[in-house]
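**Student:** Sharing a sequence plus its predicted fold:
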Amino acid sequence: MNGREGFMLEVQNVSFRIGKRLILDTVSTSFLPGNVSMIIGPNGSGKSTLLKIISNELKRYSGSISYGGKILTAGQHSSLAKRRAVLAQHSELSFPLTVEEVVMMGRYPHFKVQPTAHDQLVVNQVLEELNMTRLRFQNYLTLSGGEKQKTHFARALAQIREVPVEGCRYLLLDEPIASLDLNYQHEFLRMARLLASDNIVVVAVIHDLNLALQYADHIVALHHGKVIADNKPQQVITPSLIDSMYGLKSRILHTDNLPFPILVTNV
């Protein structure tokens with residue numbers, strides 16, 4: 001096992017039911033540091049459910065989740081929170097906190113009573129890097145949907161800012177760009193790639209397959225709760241897979257002007 005594999009996030013034979021309905025069926029895959037991994041699939045395929053199990057939000061499943069070779073247990077939650085951040089699809093708050101206060105929530109696992117000068121420095125750095133310093137004292141409830149999502153992204157980045165002494169960091173994203181304008185979608189995914197290059201495991205649920213082709217290093221395709229493809233983007237996103245998952249005819253276009261292919265559907 002090489003260095004990257006020793007820190008990987010591994011899913012082994014995970015199944016999950018709601019009543020008699022099987023949502024996930026013996027799902028196995030792994031996510032490496034240094035990669036942006038994306039989970040794709042139609043609505044109801046189990047994408048968000050899988051991410052919630054990985055993040056320990058859902059617990060009544062069979063199989064196992066391992067972080068760096070250590071099986072996820074309830075007792076790991078506090079220590080793992082210092083190096084694993086989750087950005088949910090809907091991260092709403094109903095309190096009139098400032099943007100700075102929301103971002104500081106990401107530092108909660110790192111201090112006991114009051115934030116330290118270092119915690120404040122981390123928040124300041126993250127706000128500056130995301131060009132959000134001007135919003136520092138703005139009421140979160142007055143932000144646009146995209147600004148709220150960026151605020152929660154900043155919170156997640158503040159949470160996993162430090163490189164741990166042992167192990168690596170993990171960033172889990174559930175449809176993170178759904179409420180963002182096109183320019184912010186690309187900005188967000190460029191940032192995700194930059195984070196992954198710092199030896200972070202980045203896992204994102206995404207619907208836009210062209211963005212997956214452009215930004216992902218690794219794709220897991222789910223259909224009816226099963227993994228039907230698990231490989232590099234161009235090996236996963238193919239006309240035959242699009243037909244089987246979505247019932248759409250498609251073509252993959254390669255152009256000299258772009259380093260990544262383009263998917264054209266309904267052709």
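**Tutor:** Happy to help now that I have it.

**Student:** quick one: Leu9 and Ser30 touch, right?
**Tutor:** Yes - under the criterion of C-beta atoms under 8 Å, Leu9 lies in contact with Ser30, with a separation of 6.7 Å. For the C-beta atoms, the positions are set from N, CA and C on the backbone; glycine is no exception.

**Student:** Give me the more crowded residue out of these two.
**Tutor:** When Leu9 is set against Ser30 and neighbours are counted by other C-beta atoms under 10 Å, the residue ahead is Leu9, at 22 against 16.

**Student:** Show the backbone phi and psi for the more buried one.
**Tutor:** Dihedral angles phi and psi of Leu9 (degrees, to the nearest 10) take the values phi -100, psi 120.

**Student:** center of the protein - which residue?
**Tutor:** The centroid of the chain falls nearest to Leu173 when counting by C-alpha atoms, centre = their mean (2.2 Å).

**Student:** so what's Leu189 up against?
**Tutor:** Contacts of Leu189 were listed using C-beta atoms under 8 Å, 6 or more residues apart in numbering, and they are Val36, Ile177, Leu211, Gln214, Tyr215.

**Student:** what's the answer for Tyr67, then?
**Tutor:** Each residue near Tyr67 by C-beta under 8 Å, 6+ apart is listed here: Leu9, Gln76, Leu80, Arg84, Gly167, Tyr170.

**Student:** mind checking how far it is from Gln149?
**Tutor:** 25 Å (C-beta to C-beta, to the nearest Å).

**Student:** do Lys232 as well
**Tutor:** The span separating Lys232 from Gln149 equals 28 Å under the rule C-beta to C-beta.

**Student:** quick one: which of those two has more around it?
**Tutor:** When neighbours are counted by other C-beta under 10 Å, Lys232 and Gln149 differ, and Gln149 comes out ahead with 22 against 12.

**Student:** so how far is Met38 from that one?
**Tutor:** Here the criterion is C-beta to C-beta. By it, Gln149 lies 17 Å from Met38.

**Student:** before we move on, what about Leu135?
**Tutor:** Using C-beta to C-beta, one obtains 28 Å as the distance from Leu135 to Met38.

**Student:** Looking at those two, which one has more neighbours?
**Tutor:** In terms of neighbours (other C-beta under 10 Å), Met38 is the more surrounded of Leu135 and Met38; the figures are 29 against 21.

**Student:** tell me the contacts of the more buried one?
**Tutor:** Taking C-beta under 8 Å, 6+ apart as the definition of contact, the neighbours of Met38 are Val203, Ala204, Val205, Ile206, Ala212, Tyr215, Ala216, His218, Ile219, Val220.

**Student:** List the contacts of the closest residue to Glu100 other than its chain neighbours.
**Tutor:** Leaving aside its sequence neighbours, Glu100 sits nearest to Arg136 (C-beta to C-beta, 6 or more residues apart in numbering; 4.7 Å). Contact analysis of Arg136 by C-beta under 8 Å, 6+ apart lists Thr98, Val99, Glu100, Leu127.

**Student:** For the third one, report the pLDDT, please.
**Tutor:** The pLDDT attached to Glu100 in the predicted structure is 97.

**Student:** Let me see the backbone angles for it.
**Tutor:** Taking degrees, to the nearest 10, you get phi -60, psi -40 for the backbone angles of Glu100.

**Student:** and if you look at Gln12?
**Tutor:** Phi and psi for Gln12, reported as degrees, to the nearest 10, are phi -130, psi 110.

**Student:** Look up the residues forming beta bridges with it.
**Tutor:** Beta-bridge pairing of Gln12, defined through DSSP bridges, involves Ser64.

**Student:** so what's it scoring on pLDDT?
**Tutor:** Here, the pLDDT recorded for Gln12 equals 97.

**Student:** In the sheet, which residues pair with the residue nearest to the centre of the chain? Tell me.
**Tutor:** Taking DSSP bridges, one obtains Leu87, Ala204 as the residues bridged to Leu173.

**Student:** residues contacting it?
**Tutor:** Val86, Leu87, Ala192, Val202, Val203, Ala204, Val205.
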